[in-house]
Structure formats: structure tokens, C-alpha cells
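1. Structural data only, the sequence is not supplied:
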């Protein structure tokens, strides 16, 4: 297992972690500068943040700083109530793949979607099996294009508490079953983004990480599970402040062959998003060394 | 599949559903009268509510009304930071088994516990594997006594969002693996309490319900998953108000051999606990007929 205690060479910042600083939205180019000032070698930016500044400008800025990507957030949201919606989702995923390519991302992270409309409290249907079938078909179609341009797709299993509204792929086992079905050759073009926040509770986690192996482990995200957790989406903790066995899980991931970045992704409307970006990033670095 | 539309013969009320009425705690004897007035044939009471009135008095009242139990809530919380704590938990479970016997319950529901102290925000340790081992040993020990007195134990897998603080058994598959280990003969003395709220998202739900079969399905709980869900514990929905496919899941459960009560368990600090008990119970009856 790699020693993270001496430096932060393998730290990546998911830019959602500092998208809000002292309660206010901060543009991505400012975030990139803040990371560069601290010698952070990788980020994982969100599409809307990239679009807010302009993708060509972001690409140039990253190159100038020598900062790479650990992933691109995000494609997915495949289910829809009708054929037009399904088609629009595929087109949007194609654009996301193109953007990931422009930014030279190692993978496009997929938050696959769930019951369409549920995010706004108005599910168009309740048939979870249908949503899962639409996700299957959406990934299959997107994978064709992803292979063409050479952009690996990383399915992110989301915590079951987000099964209704954000992603109906909710365990690593389920994600890997889908990978095996759509990419039996383990080509490296389809795998998972493993976020400890979503999977730490899973009694089959160690077993399924071993099953995933190097070819399927495309990204690794960290934060922590707080007790109590006050919000289903935006109350993630800083590494070390919660109950997740971060060292143990990273051990499993590395034993399975993963040697990439440890990406910090913290949605924290009540805490870290109220602090300065400097404080949040400095704490990420410190905890990367001491807790991850 | 049974037709629930014509009556509420198979409705049971978990008394947590109406433990607060218009914001105020209501004693269990009053709740039992409210159920009796509506021809409700079964309840599932909580230990603290029973103790608040006195168990002998509750036993007599239930008998006078001809109301039975669909389960008794609850045993469990086995993990502890030290040997004294583990022993105290076993003793408490023994008392819970005795109480369940006094009330002639068909099973004692087990919320097995998780990281000790996490419920108060101060986990004594983070080793989830240790907590699971302590749960294993606690159930094994309790099962010996349960067999002696003839009180089946029903493990309730809890939603993964409660894995840190309430129960580290989080899928039906995991619960059934434990049942198979501790009761390979499928004696009927160890099984599960299946609550749709905790398991509705599970991609292996249909398969594992079939695996459970009649001998393991000791209780069936319903409510609904709301979008958005505003609280990890106390924002459950009335059946029909959320996204759970209640008919489909009951179909699976009955196909596996379950023919018992459909028990309504709704923790709803923001909504139903603010209404009158009469309104809540009448709505449970109506939705039992129309949505379950």
C-alpha cells in the first residue's frame, strides 16, 4: 500500500468540494489556481463549472499549471419518461464524452440516473426495473461512442438513499454485473468510480473490489460518513471526521491493482462550503496525509 | 396474491406510527383503543410504550379487544465497546424475549445495532467488521434462549443509511446469510422482518425474497419512500405517497409463502406525527386497501 504521509502526489480535488467558498459560488479558474498554488496535481471538474468559464480556457489553464484530471463529472441520467427524453440523454452523454476528451480525462464518471422526475419530487414512473433497463441501454449506446473516441466510462454506484432520484445502480456488485455484461473482455473502456461514501457500508465491499480488479477500478473517491448525517446529499464529512475505515478500504483497492489518485469529493452545504477555499484545500492535503 | 381492497383484515399498526399525535406522545393503551375502534386486528408495539403502561395491563387489554401482535419491537443493539456492554445487551435481549412471550408475539424484531456510540455521534470504534461479528455472536446467544422459550427472532435489515448507528445488517442477502449460518435447518426460529422502506432499492430483492421463503419471512412492514426525503430517520411516507412499488413487492413476498399481516410503520416527525391519531389510522386503513 502506498505511503501518503509524506506528500500529496496522489491527491486529487473534485471541484465540487470547493465550488462554494464562504457560501458563495467560485469560478473554476479560481479553484484551479488555488489547487496549483498548493502543488495539487489533479482535479475532477464538473461540466457546469467548466462551461461557466469555457472549456478551451480551462484546458489551457490546466496545461499551463501541469494539472491533470482524475475524472470528469459527469455523464449519466439516462432514464426518461419517453423516447425523446431517452434520445436527448444519449446526445448529452455524447457531448460529455467529447468534453472529457478535450480535457484529456482518464474517464467520464457516470451518475446513471433513476426514476425520471424524482429529483424534482415528481417521478414520471415508479418502475425501478424499467429505470435500470434504461440505464443498461443508455450505457450500452454510450459505450459504442466512448470506444470510438477512446474515453473510458466509469459507472459510479450511488448510496441506496439516492436510488430514487440520482442513480439506480446502488452497489458495486450491481455495477460490476453491468460491466461484465457490456464489456466481458474487460477492455478498460468500462469500469467503476468507487466512492467510499456510497459503498463503505456494503458487506460485500472487499469481495467486490477484488472482483473489480485493475481494469474496472477507474477512479477512487474519498470523504467520510458523519454521525449524525443531517442531509441525504450535502452533509459529507472531511476524511477522518467520520466512521469510514479509509485506510482499510484503500488497502483493498490497491491490493486489487488501483494505483491512481485519491479524489476528495465533499458536498457540505452546512460546513465546508461555508469555509474559505484555502482552509478546505489545506485540510484536504493534511487529511490526505494523515487519514486516507 | 391476496385481495386487500375489500377490508383491512391483514392490516397491522406498528404503534410508532401513532406514538405521537398532534406532536404529543400518546400512551399505548389509548393507541390500542383507537385501533380497536377501527376493527384493526393486530399491532406491533414498542418496548418503551409497553413499559409506560405496564405489560400485564397491555396484555389484558389486547386480549379483551381480541387484538394480536404482528411482532414485538424490539431487541438487538448487540455491539458494545467492552465485555460488560456485550453482556448487558444479551441480558436485555433475554428480557425482550420474555416480554414478547408474555404478549404472545409471533416474533421479536431485531434492530441489530452497529458502531456502539455512533447514535450519539461518538462511535467507540469504526471497525464495521467487528460490529458485525458482535451481532453474529449476540444473535447466536439470544437464539439459544429464544429456542428454549419458543420465540422466533426476526432480523430486520436496515437501510444502508443507518449502517453506522442503528444496524450493520443492511441487505436481505446479508440477513439471510446469517440466518443460514445460525439456523441451517430453517427451523422457523430465526428469520427476517422485511420492511420495504429499508430494502425497496435492492437490485437483488426479488431473488432474495424467493430465497427467504416462508420459514424466514416472519414479518412484513410497509410505508413509502418520499422524494425528497428530508431526514434519514423520521421522514417516511404513507403508502402511496412515495415511489415504492408496494404491490410488486407484496406479490414477491406472498409468492414466497408469506401470508401474514402487512404492518404499517411510519416515523414522520414532520407530517403524520403532527396529525391526529384518528386521521393517521383512517388513512392507514384506506391506503392498506388502495395502495398496499
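-> The structure has been received and is ready for your questions. Just so you know, these numbers come straight off a predicted model, no measurement behind them.

2. Only C-alpha atoms from now on, for both contacts and neighbour counts.
-> OK.

3. Count the neighbours of residue A:84 for me.
-> Other residues lying near residue A:84 total 9 when counted by other Cα atoms under 10 Å in any protein chain shown.

4. Centre of the chain to the helix or strand hosting it, how far?
-> Assigned by DSSP states H and E, residue A:84 falls within helix A:83-102. Between the centre of helix A:83-102 and the centre of its chain there are 17 Å (Cα atoms, centre = their mean, to the nearest Å).

5. likewise stretch A:8-25?
-> For stretch A:8-25, the distance to the chain centre is 13 Å (Cα atoms, centre = their mean).

6. neighbouring contacts of that stretch?
-> A:4, A:26-28, A:31, A:35, A:40-46, A:69-70, A:260-269, A:272-277, A:280-281, A:285, A:288-289 (Cα atoms under 8 Å, 6 or more residues apart in numbering or on different chains).

7. try it again with 7 Å
-> For stretch A:8-25, the external contacting residues (Cα atoms under 7 Å, 6 or more residues apart in numbering or on different chains) are A:26, A:40-46, A:70, A:260-267, A:273-277, A:285, A:288-289.

8. Skip ahead from the helix or strand where residue A:29 lies and say which helix or strand is next.
-> In this structure, residue A:29 sits in helix A:28-37 according to DSSP H and E. Proceeding C-terminally, helix A:28-37 gives way to strand A:42-44 as the next helix or strand, assigned by DSSP H and E.

9. Which strands and helices lie in contact with that next one?
-> With contacts taken as 3 or more Cα pairs under 7 Å, 6 or more residues apart in numbering or on different chains; DSSP states H and E, strand A:42-44 sits against strand A:11-14, strand A:68-69.

10. packing partners for the next helix or strand after the helix holding residue A:84?
-> Using DSSP H and E, the helix or strand that follows helix A:83-102 in sequence is strand A:108-111. Applying 3+ Cα pairs under 7 Å, 6+ apart, we find strand A:108-111 packed against strand A:72-76, strand A:153-155.

11. Give the pairing partners of the last one; include direction for each.
-> As defined by DSSP bridges, the strand partners of strand A:153-155 come to strand A:108-111 (parallel), strand A:190-195 (parallel).

12. picking up where we left off before, residues contacting the helix holding residue A:29, please?
-> Contacts for helix A:28-37 (Cα under 7 Å, 6+ apart): A:49, A:50, A:53, A:58, A:65.

13. Please list the members of those that lie in helices.
-> Using DSSP state H, the subset of those located in helices is A:49, A:50, A:53, A:58, A:65.

14. picking up where we left off before, ok, which of the contacts of helix A:28-37 also contact chain B?
-> Taking Cα under 7 Å from any Cα of the partner chain as the test, chain B is in contact with none of the contacts of helix A:28-37.

15. Can you name the residues of the stretch 1-150 of chain A that neighbour chain B?
-> Counting by Cα under 7 Å from any Cα, the stretch 1-150 of chain A comes close to chain B at A:118, A:119, A:121, A:126.

16. returning to that earlier point: make JSON lines from the strands paired with strand A:153-155 and add distance to residue A:164 to it.
-> Formatted as JSON lines, the strands paired with strand A:153-155 follow (distance: least, Cα to Cα, whole Å):
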{"stretch": "strand A:108-111", "distance to residue A:164": "13"}
{"stretch": "strand A:190-195", "distance to residue A:164": "18"}
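
17. Pipe the ones you listed into JSON lines and attach mean neighbour count and mean pLDDT per row.
-> Formatted as JSON lines, the strands paired with strand A:153-155 follow (neighbours: other Cα atoms under 10 Å in any protein chain shown; pLDDT from 0 to 100):
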{"stretch": "strand A:108-111", "mean neighbour count": "27", "mean pLDDT": "98"}
{"stretch": "strand A:190-195", "mean neighbour count": "26", "mean pLDDT": "98"}
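
18. Residue B:224 is nearest to which of the ones you listed?
-> With Cα to Cα, the closest approach to residue B:224 among those belongs to strand A:108-111: 23.9 Å.

19. what's next to stretch A:217-234, contact-wise?
-> Stretch A:217-234 has contacts (Cα under 7 Å, 6+ apart) with A:70-71, A:107, A:154, A:161, A:191-197, A:235-244, A:258, A:261-269, B:118-119, B:121, B:230-232.

20. now what about the helix holding residue A:84, what contacts it?
-> By Cα under 7 Å, 6+ apart, the list of residues contacting helix A:83-102 from outside reads A:72, A:75, A:76, A:77, A:78, A:79, A:80, A:108, A:138, A:142, A:146, A:151.

21. mind putting those in TSV, distance to residue B:248 included?
-> Below are the contacts of helix A:83-102 laid out as TSV (distance: Cα to Cα, whole Å):
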residue	distance to residue B:248
A:72	37
A:75	31
A:76	27
A:77	24
A:78	23
A:79	20
A:80	21
A:108	35
A:138	25
A:142	31
A:146	36
A:151	39
